[in-house]
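Enquirer: what would the 3D arrangement of this be:
(2 chains)
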Amino acid sequence: MPAETHVARSPLGPEEVFALVRERLAEILEIDESRITRESRFTEDLDADSLALIELVEVLEEEIGERTVGFSVDDEDLDDLHTVGDAVDYVIARLEQAGS
Amino acid sequence: MGTTIAIDAMGGDRAPGEIVAGALLAVEELGIDALLVGREEIVREHLPGGDTPPGVKLLDAREVIAMDDDPARSVRTRKDASVVRCANAVRDGDASAMVSAGNTGAAMAAALLRLGRIRGVARPAIAVPIPVPGDHHQLLVDAGATVDATADWLVQFARMGRAYAQLRYGLAEATVGLLSNGEEAGKGDELRKQAAALLEAVPGYVGNVEGRDFMHSGRADVIVTDGFTGNVVLKTIEGALRSLAGLVFTVLESTPETRDASKVVTPLLLDAANVFDPDLTGGGLLLGVNGVCVISHGSSSARAIVCAAKVALDAVEGNAVDRIKEAVVDAG
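Expert: Alright, predicted model coming up:
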């Protein structure tokens, strides 16, 4: 495994990624975590605007980047993320890319 | 050593010349230290002899976010933009506050993403002072940071705006009105109706106010609305004042008698009209972020930058962020 992509701590699994996304999104939107499910749509269900999504991306890059070097989000991919589940799946895919 | 204020040298229609000139004046007049942020070689062209005088420091930032760039994405992709570097300087403790006359959305996004939000605040709001002849300014909250607001957010704007009005104008108990299309309870669209019910819990809330209550003392010290409406209000006031000034001076030039009268009246009118000069009202404080960010209008002159720096300095010295935090936490 190349040094620049080593995993400092145990890799994040799907449930951990979902928990992290839900926790951080709840903080950003100032809503209760229980309102957020994998099926929640950012705009229609959670009133999350583009700035909220970018806040989420920044915090995920920072936190996940501490564990998995090389993790990043492409801004052009944000338009394809409509639900929380989309975001979780995207993060997992990017983690796999970063770790490969 | 004075309080250090990071000034976005590249932001604004008249940048960098007027911004740099304003920063130098602010150092002289306010005793601050200015951290000028922008392309070093360009900023130096506007410094006397190309050197930084005492109290002025330079921070090189190679990128610029233009007025028509997408704010949030630009802040993410242009990490070396002057406004982003300003926010970083505040976050890292290299400056106590930031001032920008550039892209408002970018300044807001940079402050939000780099300084963070105050807990209990979903979205920031800009508190812009509206002149009131013979009295302290009113605060218009929000003047354009958050165009789509919810009723809960308007309540947060009200609490933050009230705390800041009390600090900025030394008011014991600032009053808060909700901008609507009628002052009677129950007037307004769904957002206003929902917000009005929630605002009853906010100290100092006086109910609905109308557009005509701007620039008049006695009705409300803080007028709360969503950022879309607030920005329209702000530009409407500016346009109306400009039109009114044109009308007055047209009349004064219309006959030999009025031209004679104008020799006496015009200097008095110009002096009195200073109260409406957007360069002199000071910038708008961004409420809800965890640091001091002052946004000055896009066509800011050197004098506007001095006034914005004064607003920033007062906010730092008055612990505005802590006062706003207390107002939001007390509500929670």
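Enquirer: what sits up against the worst-scoring helix or strand of chain B on mean pLDDT?
Expert: Least confident helix or strand, chain B: helix B:71-77 with a mean of 86, by mean pLDDT, DSSP states H and E. With contact meaning Cβ atoms under 8 Å, 6 or more residues apart in numbering or on different chains, helix B:71-77 is reached by A:50-51, A:54, A:57-58, A:75, B:65, B:81, B:83-84, B:103-106, B:108-110, B:113. C-beta coordinates here come from the backbone N, C-alpha and C atoms, glycine included.
Enquirer: what comes up buried for the top helix by length along chain B?
Expert: Longest helix in chain B, counting residues (DSSP state H): helix B:227-252. For helix B:227-252, a neighbour-count test (16 or more other Cβ atoms under 10 Å in any protein chain shown) marks B:227, B:229, B:230, B:231, B:233, B:234, B:237, B:241, B:252 as buried.
Enquirer: that helix - what's its average pLDDT?
Expert: Taken as a whole, helix B:227-252 carries a mean pLDDT of 94.
Enquirer: neighbours around the residue nearest to residue B:51 when sequence neighbours are not counted, how many?
Expert: The shortest distance from residue B:51 to any non-neighbouring residue, by Cβ to Cβ, 6 or more residues apart in numbering or on different chains, is to residue B:44 (7.8 Å). For residue B:44, the tally of surrounding residues (other Cβ atoms under 10 Å in any protein chain shown) stands at 17.
Enquirer: wait, what's in contact with residue B:44?
Expert: Residue B:44 makes contact with B:50, B:51, B:58, according to Cβ under 8 Å, 6+ apart.
Enquirer: ramachandran coordinates for the first one?
Expert: With angles defined as degrees, to the nearest 10, residue B:50 sits at phi 80, psi 10.
Enquirer: now residue B:126
Expert: phi -100, psi 130.
Enquirer: thinking it is in contact with residue B:105, fair?
Expert: No. With contact defined as Cβ atoms under 8 Å, residue B:126 does not reach residue B:105; the gap is 10.5 Å.
Enquirer: common neighbours of these two, please.
Expert: In terms of Cβ under 8 Å, 6+ apart, residue B:126 and residue B:105 are both contacted by the residues residue B:145.
Enquirer: the more surrounded of those two?
Expert: residue B:126 (29 against 22).
Enquirer: out of the buried residues of helix B:227-252, which are close to chain A?
Expert: Among the buried residues of helix B:227-252, no residue lies close to chain A (Cβ under 8 Å from any Cβ of the partner chain).
Enquirer: quick one: which of those is nearest chain A?
Expert: For those, the minimum distance to chain A (Cβ to the nearest Cβ) is 11.5 Å, reached by residue B:227.
Enquirer: picking that back up, buried sites along the least confident helix or strand of chain B?
Expert: Across helix B:71-77, burial judged by 16+ other Cβ under 10 Å covers B:71, B:72, B:73, B:74, B:75, B:76.
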